[in-house]
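Participant: Turn this into a structure:
(2 chains)
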Amino acid sequence: MKTTLLAGALGLLLPVMGLAGEYNLTVDRVQIDTGDFVKEGIGYNGASPGPVLRFKEGEEVSINVTNNLNEMTSIHWHGLILPFTQDGVPGISFPGIEPGGTFTYKFPITQSGTYWFHSHSGFQEPDGAYGAIVIEPEGREPFRYDRDYVVQLTDKHPHSGDRIMRNLKIMPDYYNREQQTVGDFFSEASENGLMATVKDRMAWGDMRMMKADVEDLQGFTGLINGKGPDQNWTGIFEPGERIRLRFINSSAMAYFDIRIPGLEMTVVQADGNNVQPVTVDEFRIGVAETYDVIVRPKEEQAYTIFAESMGRSGYARGTLAPEAGMVAAVPELREAARLTMADMSGMEGMDHSSMEGMEGMDHSKMTGMAQSDMKGMEGMDHSKMAGMDHSNMAMASAGGASDPFYAAGSGLVPTAANGGKFLSYADLRAQKPLYDEREPTREIELKLTGNMERYTWSINGVKYEDADPIRLQYGERVRFKFVNTTMMTHPMHLHGMWSMLDVGAGQLNPVKHTISVQPGTTVYMETEVDEPGQWAFHCHLSYHAAAGMFRKVIVEGGPESTQAASDDQSGDVGGDA
Amino acid sequence: MKLWTPLIVGTVLGLSVMPTLAFAQERLRDTTERKAPLKVRGAQFEEFEYRYSDDDEELGVWSGDFFYGTDELKVRWLTKGEYAIEEQAYEKLENQIVGQIPISDFFDAKAGIRFDTPEGPDRTYAVLGVAGLAPQWFEIDANLYVSKDGDTSAALDAEYELLFTNYWILSATLDATVAFSEDREIGVGKGLVSTETGLRLSYDLIDRAFSPYVGVVHERKYGNTADFARADGGGTESWFAVVGARFLF
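Facilitator: From the prediction side, this is the model:
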């Protein structure tokens, strides 16, 4: 006890890098100034975001976390492969860290790349309790760069997490200020005809769904490394240098579309794992994901890092510049995204007459078509739909773009602002396979479910509070099938074991920790069940997880001394009650 | 191909440092808040206003509710009143305590008790109702009331919001009451009793927590109820200009 106290005290005095292998973090109440507003929040070592923890692959770390709050806390090391007791989820990995207490995390670093850490208690993470992790590999990296910067994004909101949750429960559109108005009605009517617009409104009104339901939580200020757009986080470079930008989306709710006008970005890593380089003009980063990109600014000028939220209700901005104080133009926000009927296609309880209308549609008609003309899609027959291969669907979204990881005709398909290449999951290929290829031993279907009007979120229709754990057997390879029946995007995060996203590349499928499942789509991932214990598995949107889209996973078997709880061997497959 | 060695070494090392803790974790059950049903409390006043009638009557009017509970069960206290400012008397004063449970994706059922304690005779009713969101975005609240003496009535409240912008909102409301039996003492005749129609233009000033509005309200009594009102020397129809605010907190 004395030593932990001493370690905790040292933590206050020493910088994080003080002792090799030993790190100290304090969890503190802090002030967060976004430039738009100042609020009380939670941070690490006196600041939000917390420090960048720099580890080395092969290192045995011990991290003393001292809780200076008057409530329980915890730290989850997002994306790190470690013993489950060190994973930091209260109620699943450990009881949590008491106020005034210190918990020492000890685990070996068995991987490299860009990751992050955050509290897994209450709404401490949206309140500011997050930081970055950079792990230097043992061997050489398969790409070169002259300097690197962490670019950690968040959607800082003036309200506390508790208050946001409560407001969303009382009124799910509390924060939605992108709703369709009378003015929108008339401009659409003049564009598409009055009847078409009325029919469109009736179709959505009949479902009691809003096209504008892209972002539940608006009114935030996007931050880069804790700095608001006006505070303008700046990374310095010398022209000609290769800069590695380690993008981390630590938002509670916001997806960001990221671009650096004037620079191409070469994506070299996703969720900490190297991918075969792919050069893009823009990419979308889901909540909790990380992407490492390399840029090479050749000119002696400033470049804006512009991160627009998916629903276009807010943005984060930073700058790359040869000298501090230099700035480049900040682009305007693009028009708000709107859901289409295609995004609703996973919804249960929709009329299933036939899919004729959809099959009959040809590409040219579909392109640039307004929602109102999409009425044929209302009647989608799911049984036929199931057999469809998204990657072969020739239909484009309302905006003309298509991406196999979005519903065909989705209003959410991103396009690059400069008309260039926008990264898709389909572009991701692992640099090196992490596991030998083998057939999955079984498939587990997880329907992502919810009710927007009640703001309840669940898996297979069951909220966490009512759910049994998902039981996996040590040594099996499980294929998870995510079926998104909701109109929202869900970044699904399995703790403790890798998620290999099926992009149809077999052994080269990218290895991730968080997988975004777009509305109306089915996405597969495979997991080698090679870590015993019990783990969390949830949607990483803070308020969706808290509203029930969360599961405990129990890995049964494995090394004897580490077997997890086996309360009742119900042997249920999907984890639903 | 797999990086077995570091993983195994890592797992063994990681667990060997605290074998006792690892054992203690084995039976860890999630008893955190996350595993408990989410409890929500709230208060909202759809109407909190000053009314000025076409015959110079001044009223203070409110309609609001306080609630606490989970997705599966909420307790709600609904309160409504009309206070005549000159007479310093409650023309209407109605409080309900109901339990509320979901019965479909968009609707809840409610059951409870309603106490009417205005100036004049009091009444107590049993309440059974449904409330929710109907297709095309109509907020519906329909209730059946049975008094201690067996008088039954029903009330339907409907509301529709038109968004001029995302902050300027026009809400149209219709409240209608039908009685299935007469209650002469409180001036209620059998049949359609009364309607109250309102149009309120509000502006969301502080989030959705405080939205001031102006509007017009039309009240009308019908059939026997109107006859009773006339017999008692009252009017049967009024127009009001209203100014007030919606609250949510």
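Participant: Quick check: which element contains residue 139?
Facilitator: Just so you know, I chose chain A. Following DSSP states H and E, one finds A:Gly139 outside all helices and strands.
Participant: The intended chain is chain B.
Facilitator: Using DSSP H and E, B:Glu139 falls within strand B:138-147.
Participant: who does that strand touch, helix- and strand-wise?
Facilitator: Strand B:138-147 sits against strand B:123-134, strand B:152-163, with contacts defined as 3 or more Cβ pairs under 8 Å, 6 or more residues apart in numbering or on different chains; DSSP states H and E. Heads up, the C-betas are built off the backbone N, CA and C, glycines and all.
Participant: Take those and write them to TSV, including mean pLDDT, mean neighbour count and distance to chain A.
Facilitator: Below are these laid out as TSV (pLDDT from 0 to 100; neighbours: other Cβ atoms under 10 Å in any protein chain shown; distance: least, Cβ to the nearest Cβ, whole Å):
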stretch	mean pLDDT	mean neighbour count	distance to chain A
strand B:123-134	97	18	6
strand B:152-163	97	16	4
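Participant: any idea where the helices of the chain begin and end?
Facilitator: Using chain A here. A:2-13, A:161-170, A:182-192, A:194-207, A:356-359, A:363-366, A:382-386, A:542-546 (DSSP state H).
Participant: could you do chain B instead?
Facilitator: Ranges of helices in chain B, per DSSP H, are B:4-16, B:19-25, B:223-231.
Participant: Mind telling me which of these the model trusts least?
Facilitator: Among these, helix B:19-25 has the lowest mean pLDDT, at a mean of 42.
Participant: tell me, how many neighbours does B:Phe115 end up with?
Facilitator: B:Phe115 has 13 neighbours, counted by other Cβ atoms under 10 Å in any protein chain shown.
Participant: Looks like it contacts B:Glu94 (just checking).
Facilitator: Yes. The pair B:Phe115 / B:Glu94 is scored as a contact, 7.4 Å apart, by Cβ atoms under 8 Å.
Participant: what about chain B, any weak spots by pLDDT?
Facilitator: Applying pLDDT under 70 to chain B picks out residues B:1-27.
Participant: so who does the residue most central in space within chain B touch?
Facilitator: Nearest to the geometric centre of chain B sits B:Asp65, at 5.3 Å (Cα atoms, centre = their mean). The contact partners of B:Asp65, by Cβ atoms under 8 Å, 6 or more residues apart in numbering or on different chains, come to B:43-44, B:76-79.
Participant: can you pick the most crowded of the residues you listed?
Facilitator: B:Leu78 leads the contacts of B:Asp65 on contacts (other Cβ under 10 Å) with 21 neighbours.
Participant: buried sites along the strand ranked longest in chain A?
Facilitator: As assigned by DSSP state E, the longest strand anywhere in chain A is strand A:22-33. For strand A:22-33, a neighbour-count test (16 or more other Cβ atoms under 10 Å in any protein chain shown) marks A:22-28, A:30, A:32-33 as buried.
Participant: farthest-separated two in these?
Facilitator: A:Glu22 and A:Asp33 (31.1 Å; Cβ to Cβ).
Participant: Of the buried residues of strand A:22-33, just say which sits nearest to chain B.
Facilitator: A:Glu22 (13.3 Å; Cβ to the nearest Cβ).
Participant: Without its sequence neighbours, what residue ends up closest to that closest one?
Facilitator: Leaving aside its sequence neighbours, A:Glu22 sits nearest to A:Ser62 (Cβ to Cβ, 6 or more residues apart in numbering or on different chains; 5.3 Å).
Participant: go on, A:Ile75?
Facilitator: Nearest non-adjacent residue to A:Ile75 (Cβ to Cβ, 6+ apart): A:Gly88, at 4.8 Å.
Participant: swap in A:Gly235?
Facilitator: Per Cβ to Cβ, 6+ apart, closest to A:Gly235 is A:Tyr149, 4.4 Å.
Participant: any idea how far the one you found is from A:Glu308?
Facilitator: Applying Cβ to Cβ, to the nearest Å, the value for A:Tyr149 to A:Glu308 is 20 Å.
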